[in-house]
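pasting the sequence and the predicted model now:
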Protein chains: 2
Amino acid sequence: MTDSLKLPRFLLIKQTIENHISSGSWPVGTRVPSENDLAASFSVSRMTARRALTELDKEGLLTRTPGLGSFVAKPPAVIPNVELPNVVQDIQNIGIYSCRILTLETIQADMATAKKMRVEVDDELYKGIFVHLDSQNPVQFEEIVVNAKLAPAFVKQNYNKVTAENYLNWVIAPSHTEYRVSAVQASAAQRRELKLTHDGEGICIKVTKRHWVQKTVLSISTLINPAEKFHLGQQIQ
Amino acid sequence: MTDSLKLPRFLLIKQTIENHISSGSWPVGTRVPSENDLAASFSVSRMTARRALTELDKEGLLTRTPGLGSFVAKPPAVIPNVELPNVVQDIQNIGIYSCRILTLETIQADMATAKKMRVEVDDELYKGIFVHLDSQNPVQFEEIVVNAKLAPAFVKQNYNKVTAENYLNWVIAPSHTEYRVSAVQASAAQRRELKLTHDGEGICIKVTKRHWVQKTVLSISTLINPAEKFHLGQQIQ
DNA sequence: CTCCCGTAATTGTATATACAACTATACATT
DNA sequence: AATGTATAGTTGTATATACAATTACGGGAG
């Protein structure tokens, strides 16, 4: 016997339709049987057939319009997007992580920073500068500015095992994050800290993130990654 | 009067719950009223209250377990991913696009290329090198290698308005694409073509894509973008 | 021929009901 | 004290029904 005895009927209907679509026998634009048709052919009530169709609609496989019927939907265009790697987490998984704290202090917002952080000038902020190392080799330079009101305990935290950014994600989950990825030449200080001594080295990928909590800015962090050791997406070989 | 007369009741219930969640008055883990509770307090049938809860469940705002109840769900970890901009399309939308063809020829696969393209050595490939311009200003350097068997008409195409990549997307929709984003120093030829004459210029973001059609490689394209004009994600200001 | 209207078909909203499956708790038995 | 049982509450599945809103189509009036 099949497992049809335990399989809910609306799921059986869904799978039947999904199979017709994925096999190509119902190409895009095909009209699928109406709720009443399905109810009759599967010997279920209209509400059960309806559930199969509405769920397939919400999943994007069908488009339903009153008076017309249900139709196989055009699959969405593939949006090429790339995941941002979490360098520190990668090290903690497969390497030996440590962290050098260059700066961890309270500052007052200057005009440019106040604007980006959406606070008033002279408002209290925390500033941290870190170098993340894998087996004593520096791999990432991090600079972070935090809204002091939202994370009062920020400067008292121990950052040997937890990143500043991860600490904030734990304490205050950001509701939204903006990203910007660009390429820059490392500054003198960054070159020194990242040990980019050779000529020709120094090209870095800069990742800037602004974390929001509702309508206020929690933090802005800037990550500087030497291009030799850092990339987005898979290796192509 | 409000618009409550036209607003479906299940939507009213949904919005009420959403407001409790987004305002913070029902934090993560809070148990929300049961189907019967909602049915009673909103004077609707259980099925209507149920619809509100099940939809919020599928949208990820609630977690429902039989016998226990419905609870405010933990918001999903934000997956930091960035869209790859389509430079040519952006120019065509808001600028004046043109294209210089540096190379457009048939070649035979050498060992390294054959490996990446998943073809045999000496198999026929097409190679194209383009410079994309906005108002005569070069903004992107493109190099593409195409499997000749899959796109025999590739070299005969006119690439003044359509990118090589877009042409391939039209003729043969790739089923899967791999990406890699890194930062490099432009080569001498690239500096010349992109008019990166000043000292200090020359840092570029390199985007490599490999398009697959089922189990065969359709093309590998490499885009070189001057960092000054190119970034991923939004501007943060 | 054109416009208007009725009708059938389809999806959307809503109710009332029934039973199944699962969970935690309280209570009774051993 | 540990175990088993009954029960109430919750979500999951399913049915039968009613009416509303939208669409296409056909037929009749002008």
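On my side now, so go ahead. Residues are numbered from 1 along each chain as shown, chains lettered A, B, ... in the order given.

which elements pack onto the helix or strand where A:Ile220 lies?
Using DSSP states H and E, A:Ile220 sits within strand A:216-226. Using 3 or more C-beta pairs under 8 Å, 6 or more residues apart in numbering or on different chains; DSSP states H and E, the elements in contact with strand A:216-226 are helix A:111-117, strand A:137-147, helix A:164-171, strand A:203-213. To be clear about C-beta, it is placed using only N, CA and C from the backbone, and glycine gets the same treatment.

how about the helix or strand just after the third one: buried residues?
Sequence-wise, the next helix or strand beyond helix A:164-171 is strand A:176-185, with elements assigned using DSSP H and E. Counting neighbours by 16 or more other C-beta atoms under 10 Å in any protein chain shown, one finds that the buried residues in strand A:176-185 are A:177, A:179-185.

can you check stretch A:35-52 too?
For stretch A:35-52, the neighbour count (16+ other C-beta under 10 Å) marks A:35, A:38-39, A:42, A:44, A:48-52 as buried.

helix or strand with the lowest mean pLDDT in chain A?
strand A:81-83 (a mean of 76; mean pLDDT, DSSP states H and E).

the inter-axis angle of the helix or strand following it versus strand A:203-213?
On the C-terminal side of strand A:81-83, the nearest following helix or strand under DSSP H and E is helix A:87-94. Following axes from the mean of the first three to the mean of the last three C-alpha atoms, to 10 degrees, one obtains 100 degrees for the angle between helix A:87-94 and strand A:203-213.

and the strand holding A:Ile220, which strands flank it?
strand A:137-147 (antiparallel), strand A:203-213 (antiparallel) (DSSP bridges).

which positions in that strand come out as buried?
A:217-226.

if we can go back for a sec, take the buried residues of strand A:176-185 and lay them out in CSV including distance to DNA strand C and pLDDT.
CSV is the format used below for those (distance: C-beta to the nearest atom of the strand, whole Å; pLDDT from 0 to 100):
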residue, distance to DNA strand C, pLDDT
A:Thr177, 33, 87
A:Tyr179, 36, 89
A:Arg180, 39, 91
A:Val181, 40, 91
A:Ser182, 44, 91
A:Ala183, 47, 92
A:Val184, 50, 92
A:Gln185, 55, 90
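
so which of these reach chain B?
When contact is defined as C-beta under 8 Å from any C-beta of the partner chain, these meet chain B at A:177, A:179-185.

touching DNA strand D at all, the longest helix along chain A?
For chain A, the helix that runs over the most residues, judged by DSSP state H, is helix A:9-23. Yes - legend: contact between helix A:9-23 and DNA strand D by C-beta under 7 Å from any atom of the strand is shown at A:9-11.

does that helix reach chain B?
No - residues of helix A:9-23 are not located near chain B by C-beta under 8 Å from any C-beta, the shortest gap being 12.5 Å.

partner strands of the next helix or strand after that helix and their direction?
Next helix or strand after helix A:9-23 toward the C-terminus (DSSP H and E): strand A:31-32. If you go by DSSP bridges, strand A:31-32 pairs up with strand A:69-72 (antiparallel).

up against chain B, what does chain A have?
By C-beta under 8 Å from any C-beta, the part of chain A that sits against chain B consists of A:58, A:78-84, A:86, A:115-116, A:173-175, A:177-185, A:200, A:203-205, A:208-210, A:220, A:227, A:230-237.

understood, closing this out.
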